[in-house]
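> sequence unknown, structure follows:
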């Protein structure tokens, strides 16, 4: 007996080494069956907590990529919205050009393209936004621009091969038609160049029952921006004494300070619509000038 | 700072460095994982008891195992090098100069060549044993040998870098201390 104790004392380190090896190997071998259930549960809570903290930090580095991914997905979904399609009145027409139509007689009216903001200001009187898409990527003048939330941002005013310049709503020269959601009355959106958080909706008749908090949407009368897109909410109501019309102060739904990803909307019927408008004007005015 | 506290902080840094930096960076090759965390065991003071060394090694390996979800793998390798360490130190260092004058193994305490041999043998043992356990699970023998050689090489390079970048200010142990 004494010899056994002596033996243990003498080889204590070696024996403990063996014991720890056995424990480690036992962990390794039994990992699947037993370990996962018992020890790993507790250890997981600790390592999991540390991992969560780490992921919080790591997440910031991936945000940009993730943002772009979600934005592109949104873009593809926006293209599928039924609001992009119009039904042609075919009661009399017999022959149709087949390309832009689907079998139900709908044809595509709007195409969305995603783009990234590369330059943006809010501090100037005439603010422009630069996007990383240009004519080579299908951008043309007068296309509408929506933010990633689908709120109105502005209209493309100039394109280069790879970039395009957008006149944002925060530009004193910008005029975009918008309407009150509740009553449907439309007016013109303008900016007074003062506060980048607010724009003005002018030319609303006094008869309209406008209240604070009313939603303002883009109107049907704009060729560039699709109708029914959020512009903002009424923050203040004033009367322009000279004209007797309302001048509504609108809190913009778009946060122009943090614009990163946007959608560029193409109205496929833009050329047709604007040509028709021009032609009409010419026709009527020519008649006025040279009456027969 | 007490030696105990210093070693606890060192432990945390080594484990986190291994888990969140060395295991995360894109590897040069699928064979080669850069390992550095076991340097913690190599750096433990001379004065630690052999049993204490074994337990510390076991805990170090197991902590890493719980992050990599391979319980027992690193622990076994760490226990092995913790067991071998005192023998190597006895062989490689004349007792009078190192053991009594410095607190922990370092190039300055042992001299560059003995220290390099010390690190090399323990690195080889650690990787060899760990990869052997992995190889038993799957893989070919040639792959196993290649992995041992390449990971040992990478680890030696890392340790050399660490020793050059962070020279530990080891106090010369005197009687008054």
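That came through, no problem. Predicted, not measured: the structure shown is a model, and the values here were computed from it.

> need the next SSE after the strand or helix carrying residue A:178, C-terminal direction.
Using DSSP states H and E, residue A:178 sits within strand A:176-180. If you walk from strand A:176-180 toward the C-terminus, the next helix or strand you reach (DSSP H and E) is strand A:186-190.

> which residues of the chain score low on pLDDT?
I'll assume chain A. A:31-44, A:86-105, A:290-292 (pLDDT under 70).

> sorry, should have said chain B
Residues of chain B that meet the criterion pLDDT under 70 lie in B:1, B:27-31, B:94-101, B:170-177.

> Now do the helices in it.
B:3-17, B:39-42, B:50-68, B:73-92, B:98-101, B:107-110, B:112-137, B:141-165 (DSSP state H).

> List the contacts of the closest residue to chain A within chain B.
For chain B, the residue closest to chain A is residue B:72, as judged by CB to the nearest CB, at 3.2 Å. For the C-beta atoms, the positions are set from N, CA and C on the backbone; glycine is no exception. Residue B:72 sits next to A:23, A:24, A:25, A:26, A:27, A:28, A:29, A:31, B:62, B:65 when contact means CB atoms under 8 Å, 6 or more residues apart in numbering or on different chains.

> Spell out the secondary structure type for the nearest residue in space to residue A:238 that is not next to it in sequence.
Among residues not flanking residue A:238 along the chain, residue A:247 sits closest, at 4.8 Å (CB to CB, 6 or more residues apart in numbering or on different chains). The three-state assignment at residue A:247 reads strand, by DSSP: H, G, I helix; E, B strand; the rest coil.

> quick one: residue A:247 from residue A:210, how far?
Going from residue A:247 to residue A:210 by CB to CB, to the nearest Å gives 11 Å.

> shared neighbours, the two?
Common neighbours of residue A:247 and residue A:210 (CB under 8 Å, 6+ apart) are residue A:204.

> Show me what from chain B comes close to chain A.
Residues of chain B lying close to chain A by CB under 8 Å from any CB of the partner chain are B:16, B:20, B:50-51, B:54-55, B:57-58, B:61-62, B:65-67, B:69-73, B:75-76, B:79-80, B:82-83, B:133.

> can you list the residues of the stretch 51-200 of chain A near chain B?
A:51, A:54.

> Now the stretch 51-200 of chain A against chain B: closest residue?
For the stretch 51-200 of chain A, CB to the nearest CB, closest residue to chain B: residue A:54, 5.7 Å.

> Quick check: closest non-adjacent residue to that residue.
residue B:20 (5.7 Å).

> Same list (the helices of chain B) but as TSV, adding mean neighbour count.
Compiled in TSV, the helices of chain B are given as follows (neighbours: other CB atoms under 10 Å in any protein chain shown):
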stretch	mean neighbour count
helix B:3-17	14
helix B:39-42	21
helix B:50-68	21
helix B:73-92	22
helix B:98-101	16
helix B:107-110	20
helix B:112-137	18
helix B:141-165	15
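
> Serialize these to a markdown table and add fields for distance to residue A:280.
Formatted as a markdown table, the helices of chain B follow (distance: least, CB to CB, whole Å):
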| stretch | distance to residue A:280 |
| --- | --- |
| helix B:3-17 | 72 |
| helix B:39-42 | 83 |
| helix B:50-68 | 73 |
| helix B:73-92 | 80 |
| helix B:98-101 | 99 |
| helix B:107-110 | 90 |
| helix B:112-137 | 80 |
| helix B:141-165 | 77 |
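
> any idea which element residue A:68 lies in?
helix A:39-78.

> angle of that helix against helix B:50-68?
20 degrees (axes from the mean of the first three to the mean of the last three CA atoms, to 10 degrees).

> name the helices or strands packed onto helix A:39-78?
Here helix A:39-78 touches strand A:110-120, strand A:261-267, helix B:50-68, going by 3 or more CB pairs under 8 Å, 6 or more residues apart in numbering or on different chains; DSSP states H and E.

> how about TSV for the ones you listed, with distance to residue A:239 added?
Output for the helices and strands packed on helix A:39-78, formatted as TSV (distance: least, CB to CB, whole Å):
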stretch	distance to residue A:239
strand A:110-120	34
strand A:261-267	34
helix B:50-68	68
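
> Ok, which of these comes nearest residue A:289?
strand A:261-267 (31.2 Å; CB to CB).

> Partner strands of that closest one and their direction?
strand A:110-120 (antiparallel), strand A:144-147 (antiparallel) (DSSP bridges).

> May I see these organised as TSV, with mean neighbour count added?
Output for the strands paired with strand A:261-267, formatted as TSV (neighbours: other CB under 10 Å):
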stretch	mean neighbour count
strand A:110-120	18
strand A:144-147	24
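
> Export the ones you listed to TSV and append columns for distance to residue B:8.
Below are these laid out as TSV (distance: least, CB to CB, whole Å):
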stretch	distance to residue B:8
strand A:110-120	47
strand A:144-147	51
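
> Touching, residue A:260 and residue A:67? I think so.
Yes - the pair residue A:260 and residue A:67 qualifies as a contact (CB atoms under 8 Å) at a distance of 6.6 Å.

> Tally up the residues packed near residue 20, please.
Let's take chain A. By the measure other CB atoms under 10 Å in any protein chain shown, the count of residues near residue A:20 is 24.

> not what I meant, chain B
Residue B:20 has 16 nearby residues by other CB under 10 Å.
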